[in-house]
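>>> can't give you the sequence, but here's the structure:
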């Protein structure tokens, strides 16, 4: 009788002791997973992940951190400056523009009579920001176009082209598009390329693109009147 009662107590599903002895035990203690072992699944926000245990972890990541060894070089020493092909004094010797309308700070590439790449450092001290706009400083699109035209002037006002500083005008624009706003702190990188030159009429057609951080912010076609045509 005692043996049958004992076997019944072991096989009975209602016995608390049987459930505790036969079923695998689950620990209620949550062991935090180190941030390095957190697996990020595609489609989820990398800022916070939920593990199977229900714990939320904040993952602070930098772009490219998992793609290679850590670079201990200070960030101020990590990036090279733009080269200087023409400084501001050389630019002033070519262009007739002066403050507040000289919108080219440095030429970083120059192919005589063909193309030029120059930069404009956009700062909050530029005189157009107080009015455009007081609460959200954005460089006016027309000034981006003007800055690009001045880079075109650096190409045209050279002996290789025969442009005249005393008789050089911005004649027209076409297909201009503004892709992204340019704000204080940006470096506007502008490339102007001579497409066609009609010396007889003194007209030059150029293509221009402006970039910030490698992304196009403005582009268009430009017409320049060199004043070298026959009258």
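That came in fine, so what should we check first? Note that this is a predicted model, so its numbers are computed, not measured. Residues are numbered from 1 along each chain as shown.

>>> isn't there a helix covering residue 148?
Yes: secondary structure of residue 148 (DSSP: H, G, I helix; E, B strand; the rest coil): part of a helix.

>>> Start at 542, not 1
Got it, the first residue is 542 from now on, which makes the last one we talked about residue 689.

>>> any idea how far it lies from residue 682?
11 Å (CB to CB, to the nearest Å). Bear in mind the C-beta positions are built from the backbone N, C-alpha and C, glycine included.

>>> in the chain, which spans are helices?
Counting by DSSP state H, residue ranges of the helices within the chain are 543-552, 557-563, 629-635, 682-697.

>>> Which parts of the protein are strands?
Across the chain, reading from the start of the chain, the strands by DSSP state E fall at 589-591, 597-599, 647-652, 656-662, 710-719, 728-739, 744-753, 756-766.

>>> Arrange those strands in TSV, one row each, with mean pLDDT, distance to residue 635 and mean neighbour count as further columns.
As requested, the strands of the chain are arranged in TSV below (pLDDT from 0 to 100; distance: least, CB to CB, whole Å; neighbours: other CB atoms under 10 Å):
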stretch	mean pLDDT	distance to residue 635	mean neighbour count
strand 589-591	44	55	13
strand 597-599	45	54	10
strand 647-652	95	9	18
strand 656-662	97	10	22
strand 710-719	93	15	13
strand 728-739	95	13	18
strand 744-753	95	15	21
strand 756-766	95	14	18
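
>>> circling back to that earlier point, can you list residues touching both of residue 689 and residue 682?
With contacts taken as CB atoms under 8 Å, 6 or more residues apart in numbering, residue 689 and residue 682 have residue 759 as neighbours in common.

>>> and those two? which has more neighbours close in?
Summary of the neighbour comparison: residue 689 and residue 682, criterion other CB atoms under 10 Å, with residue 689 having more neighbours (30 against 16).

>>> For the nearest residue to residue 736 once chain neighbours are set aside, which residues are in contact?
Computed as CB to CB, 6 or more residues apart in numbering, the closest residue to residue 736 that is not its neighbour in sequence is residue 746, at 4.7 Å. With contacts defined as CB under 8 Å, 6+ apart, the neighbours of residue 746 are 735-738, 762-765.

>>> Next, the contact list for residue 642, please.
Each residue near residue 642 by CB under 8 Å, 6+ apart is listed here: residue 687.
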